[in-house]
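> sequence first, then the predicted structure, then my questions.
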Amino acid sequence: MDRSNVRHDELPITFKRGADPLNALVSAAALILLLVSRPSYSQEVINREYLIKAAFLINFVRYIEWPDPAEAPSQPVIIGVYKPDSISPYLRQAIETDAVPRPIQLRILNPDDPVPRCHILYFPRAVPPETQRNILQTIPVKGVLLVGETEGFLEWGGTINFVIVENKVRLEINASQAQAQGLKISSKLIQIARAVR
């Protein structure tokens, strides 16, 4: 898909299915929007695509259960983001708010770095597909939510892929990969997914 045609002049997310529209997710997105819309950011064009993706990543902490329930809620969730990326400024803003469900640390990674210990690893589409595939093949541990935004990401071993459908950010979920990673995905996320495999 040609991303240059994706419009950013309207909030690119809707929830039409299921009884619960993930109010926390929408609230977090609105809060981030307010933060990045402050006068100090007036020169910045707000990229609502990454605003929404950042809100999803933060709220995955609420709606996904990792395999180590003994880990104290006070311990930070670590989100690793490979560069080059467009999402980290929005994640930083979200992490600095009081809306996050638990402490979150952001790590910016080079694609040739050893795979770090993270709860969530995010693969931007700017990382070449071959590099993404190579990294996914070397993930050494279970319990890592692998999130991307590139066509084919789920087939390479990813867990959740962001796609743009009718100018809206939607999710595709690889349920078998989540199970293999020991992750339990809430039915609330399953309900809003465009596709579940």
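Ah, there it is. In this text the structure is predicted, and so the values were computed from the model without any measurement.
> so for the longest helix along the chain, what gets flagged as buried?
The residue-count maximum for a helix in the chain (DSSP state H) belongs to helix 48-63. If you call a residue buried by 16 or more other CB atoms under 10 Å, then helix 48-63 has these buried ones: 48-63. Where C-beta positions appear, they are placed from N, C-alpha and C, glycine not excepted.
> out of those residues, flag the one nearest to Glu149.
When the buried residues of helix 48-63 are ranked by distance to Glu149 (CB to CB), Lys53 comes first, at 7.2 Å.
> so what's that closest one up against?
Contact analysis of Lys53 by CB atoms under 8 Å, 6 or more residues apart in numbering lists Ile87, Tyr90, Glu149, Phe162, Val169.
> low-confidence ranges in this protein?
Applying pLDDT under 70 to the chain flags the ranges 1-46, 69-72, 98-99.
> swap the cut-off to 50 and go again
Low-confidence segments of the chain (pLDDT under 50): 1-21, 36-45, 70.
> so where do the helices sit in this structure?
23-36, 48-63, 88-95, 129-137, 175-180, 187-192.
> quick one on the thing from earlier: what would the contacts of Lys53 look like in a markdown table with distance to His119 and neighbour count?
Below are these laid out as a markdown table (distance: CB to CB, whole Å; neighbours: other CB atoms under 10 Å):
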| residue | distance to His119 | neighbour count |
| --- | --- | --- |
| Ile87 | 16 | 22 |
| Tyr90 | 18 | 26 |
| Glu149 | 18 | 25 |
| Phe162 | 18 | 23 |
| Val169 | 21 | 24 |
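> single out the most deeply packed of the helices of the chain.
helix 48-63 (a mean of 23; mean count of other CB atoms under 10 Å).
> ok and that one relative to helix 88-95, angle-wise?
Between the axis of helix 48-63 and that of helix 88-95 there is an angle of 40 degrees, by axes from the mean of the first three to the mean of the last three CA atoms, to 10 degrees.
> contacts only, for the residue most central in space within the chain.
For the chain, Leu57 is the residue whose C-alpha lies nearest the centre (CA atoms, centre = their mean; 3.3 Å). By CB under 8 Å, 6+ apart, the contact list for Leu57 reads Ile79, Ile87, Leu91, Ile120, Tyr122, Val147.
> quick check, the third one in contact with Ile79.
Yes: between Leu91 and Ile79 a contact is recorded at 6.7 Å, counting by CB atoms under 8 Å.
> mutual contacts of the two, please.
Contact criterion CB under 8 Å, 6+ apart; residues shared by Leu91 and Ile79: Leu57, Leu106.
> can you give the distance of stretch 91-98 from its chain's centre?
Its chain's C-alpha centre and that of stretch 91-98 lie 14 Å apart, by CA atoms, centre = their mean, to the nearest Å.
> skip the chain neighbours and tell me the closest residue to Arg194.
Nearest non-adjacent residue to Arg194, counting by CB to CB, 6 or more residues apart in numbering: Arg170, 4.1 Å away.
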